[in-house]
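Novice: Pasting the sequence and the predicted model now:
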Amino acid sequence: MITLKEALKLSPSDILALRAELKEKIKANKHLGAYIEQLTSTEIGDEYAGIPIAIKDNIQVKGWNVTSCSKILQGYVAPYNATVIDKLLKAGLAPFGRTNMDEFAMGSTTESSFYGKTLNPLDNSRVPGGSSGGSAAAVASNIAIAALGSDTGGSIRQPAAFCGCVGFKPTYGRVSRFGLGAYSSSLDQIGPITSCVEDAALLYDIIAGHDPKDSTSSKLEVISTADKLDANKKLTIAVIKNYIDEASDDVKKALNLTIEKLKNSGHKIIYKDLSNSKYDIAAYYIIATAEASANLSRYDGVRYGRRAECKNLGEMYAKTRGEGFGAEVQRRMLLGTFVLSSGYYDAYYIKAQKARAFIKREYEEILSESDLMFMPVAPSVAYKFGELSDPLKAYLSDIYTIGVNLAGLPAITVPVAKDDNGLNISAQLIGKAWAEQTVLDGAYSLEKSIKGN
Ligand code: GLN
């Protein structure tokens, strides 16, 4: 597949040919489940012209059956475009195909989708990661030039790492969330999944910027990054040593080799530790589920999508929600409602907010002495299907990605090695708030040193 950079130079007729080629490839790769099956002609972009970009199924595209891969949103048709979609269209790009995801973006494997699972293109017996597993699998298997995902606790960075592509989560507030199906509003952020760092910068430049429709979007001026990408900038990189030491042997080995490469490229390496990551998990799963329980209350059988057969109002709510939400989503809404309930609010929710402030400070302290932090993306390579069926085990697998969302920082994951079975290992680089350029420069340098040019 060509890169986004190359696609941006194509003539309109070449773009048409590319779209036709992609349609065929998508059909031929149906078994991967990267896209949602049976896309309508609208969803495959027949109403738009432009360079095709795959879209996670929680981003509103006018006229599409956008469902967050949930049963409860079957039949819902988006009446408007998310701001990121309008920005794509303005730049000559176009939404093309809904990609698979964990239901309501809750998960790390894409196994909880209403439509069934997505296979990891590198090994079909393994998960593609999640929740943006469809977007990552589509890019990694060359059936998308680039894709949009959303990242609440790692859902762009981790699937990109499991499938072997680049995943970039911008600073919280950099990209409008208007039209993104809300999971946890203080953590969610839309970002690119691409085949290389330069494409991530190009797509980021297109979607970033203030949006009056999203009150949390920043008014800071966005300065384009792709045209300034610099692999030769010498950076101070703080390696988070205890996180690397905790990871699996393969990941540890690959990241230690990568650190040597970064040194050889002239970057200054310093070593730091972060506090026990179990606090990140606890704080994240309290805050995310609390916000989710509020956000998902809107799916009541009245306003959106599917309504269950019912005799009265109470039954309508209960049956619609009972039948429409999957087990994991129900678990999280119950947990979120519990931690917000009056008797437990101080014990859990307030404590989690304090932990969040502490975690943010810790990241900021390390970043006051460095330009970037360097750490693993996940404790291991992609899991086998079913391996993470215990919810607590699944939550624990998010240890290296969720701190970034709690702190609101920009972060990128870049492939650095393959294990003996050909599975991908990526490294994660984290920057200061609003320092997307530095994150992308570091990633660009890392990518070049890995590719050996
Ligand atoms: N795996 C995390 C969760 O389940 C992150 C999901 C995400 O970033 N959307 O919440």
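Specialist: Arrived safely. Numbers count the residues shown, from 1 in each chain.

Novice: Every contact and neighbour count from this point should use C-alpha atoms.
Specialist: Noted.

Novice: Any figure for the gap between the residue nearest the centre of the chain and Ala417?
Specialist: Most central in the chain under CA atoms, centre = their mean is Ile156, positioned 2.0 Å from the mean C-alpha point. Per CA to CA, to the nearest Å, Ile156 is found 19 Å from Ala417.

Novice: try Leu10
Specialist: 32 Å.

Novice: Same check on Asp280?
Specialist: Using CA to CA, we find Asp280 at a distance of 27 Å from Ala417.

Novice: Please say which of the two ends up with more neighbours.
Specialist: Asp280 (26 against 21; other CA atoms under 10 Å).

Novice: looking at this, the more buried one is in a helix?
Specialist: Yes - using DSSP: H, G, I helix; E, B strand; the rest coil, the assignment for Asp280 is a helix.

Novice: Confirm for me that it is in contact with Ile359.
Specialist: Yes - Asp280 lies in contact with Ile359 (CA atoms under 8 Å); the separation is 7.3 Å.

Novice: On the three-state scheme, the one residue in the stretch 251-400 of the chain that gets nearest to the ligand is what?
Specialist: With CA to the nearest ligand atom, the shortest gap between the stretch 251-400 of the chain and the ligand falls at Asp398, namely 5.8 Å. Assigned with three-state DSSP, Asp398 falls in the coil class.

Novice: tell me the contacts of it?
Specialist: Applying CA atoms under 8 Å, 6 or more residues apart in numbering to Asp398 gives the contacts Ser108, Gly153, Gly154, Ile281, Ala378.

Novice: what about 7 Å?
Specialist: Neighbouring residues of Asp398 by CA atoms under 7 Å, 6 or more residues apart in numbering: Ala378.

Novice: Next: Arg177.
Specialist: By CA under 7 Å, 6+ apart, Arg177 lies in contact with Gln189, Ile190, Asp214.

Novice: Give the buried residues for the helix or strand containing Glu24.
Specialist: Using DSSP states H and E, Glu24 falls within helix 12-28. Across helix 12-28, burial judged by 16 or more other CA atoms under 10 Å covers Ile15, Leu16, Leu18, Arg19, Leu22, Lys23, Ile26.

Novice: from the contacts of Arg177, which is closest to the ligand?
Specialist: In terms of CA to the nearest ligand atom, no member of the contacts of Arg177 lies closer to the ligand than Gln189, at 8.7 Å.

Novice: For the closest one, give me phi and psi.
Specialist: Gln189 adopts backbone torsions of phi -150, psi 140, taken as degrees, to the nearest 10.

Novice: quick one on the thing from earlier: give the intersection of the neighbour lists for Asp280 and Ile359.
Specialist: Gly403.

Novice: what about the helices in the stretch 51-200 of the chain?
Specialist: Using DSSP state H, counting those that start in this stretch, the helices of the stretch 51-200 of the chain run over 83-90, 133-140, 157-163, 197-207.

Novice: again with the stretch 251-400 of the chain
Specialist: Per DSSP H, counting those that start in this stretch, the stretch 251-400 of the chain carries helices over the ranges 278-295, 313-324, 327-340, 351-368, 391-396.

Novice: distance from the centroid: which residue in the protein tops it?
Specialist: Computed with CA atoms, centre = their mean, the residue of the chain farthest from its C-alpha average is Lys311, at 40.1 Å.

Novice: How about the residues of this protein by the ligand?
Specialist: Ala105, Met106, Gly107, Ser108, Ser131, Asp151, Thr152, Gly153, Gly154, Ser155, Asp398 (CA under 6 Å from any ligand atom).

Novice: Out of these, which comes closest to Asp123?
Specialist: Nearest to Asp123 among the residues of the chain next to the ligand is Ser108, at 16.7 Å by CA to CA.

Novice: For the residue lying closest to that closest one once chain neighbours are set aside, give me the pLDDT.
Specialist: Counting by CA to CA, 6 or more residues apart in numbering, Gly130 is the residue found nearest to Ser108 once chain neighbours are left out, at 3.9 Å. pLDDT, Gly130: 96.

Novice: With the one 5 residues further on instead?
Specialist: On pLDDT, Ser135 comes in at 98.

Novice: Residues touching stretch 341-360, excluding its own?
Specialist: With contacts defined as CA under 7 Å, 6+ apart, stretch 341-360 is touched by Ala283, Ile286, Ile287, Val339, Leu340, Gly403, Leu406, Ala407.

Novice: Columns neighbour count and pLDDT on top of those, output as JSON lines?
Specialist: JSON lines is the format used below for the contacts of stretch 341-360 (neighbours: other CA atoms under 10 Å; pLDDT from 0 to 100):
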{"residue": "Ala283", "neighbour count": "23", "pLDDT": "97"}
{"residue": "Ile286", "neighbour count": "25", "pLDDT": "97"}
{"residue": "Ile287", "neighbour count": "26", "pLDDT": "98"}
{"residue": "Val339", "neighbour count": "23", "pLDDT": "95"}
{"residue": "Leu340", "neighbour count": "22", "pLDDT": "95"}
{"residue": "Gly403", "neighbour count": "24", "pLDDT": "97"}
{"residue": "Leu406", "neighbour count": "27", "pLDDT": "98"}
{"residue": "Ala407", "neighbour count": "22", "pLDDT": "98"}
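
Novice: and the helix holding Glu24 with helix 133-140, angle?
Specialist: Angle of helix 12-28 versus helix 133-140, following axes from the mean of the first three to the mean of the last three CA atoms, to 10 degrees, is 120 degrees.

Novice: Now find how far off-centre helix 12-28 is within its chain.
Specialist: 25 Å (CA atoms, centre = their mean, to the nearest Å).

Novice: ok, now stretch 247-254?
Specialist: Using CA atoms, centre = their mean, the offset of stretch 247-254 from its chain centre is 23 Å.

Novice: still on that earlier bit, tell me which of the helices of the stretch 251-400 of the chain is the most buried.
Specialist: Highest mean neighbour count of the helices of the stretch 251-400 of the chain: helix 278-295, a mean of 22 (counted as mean count of other CA atoms under 10 Å).

Novice: Surely Ala82 is in contact with Gly63?
Specialist: No - Ala82 lies out of contact with Gly63 (CA atoms under 7 Å); the separation is 11.8 Å.

Novice: Comparing those two, which residue is more hemmed in?
Specialist: Shown here are Ala82 and Gly63; by other CA under 10 Å, Ala82 has more neighbours (21 against 15).

Novice: how about the nearest residue to the more buried one, chain neighbours excluded?
Specialist: Spatial nearest neighbour of Ala82, excluding adjacent residues (CA to CA, 6+ apart): Gly179 at 3.9 Å.
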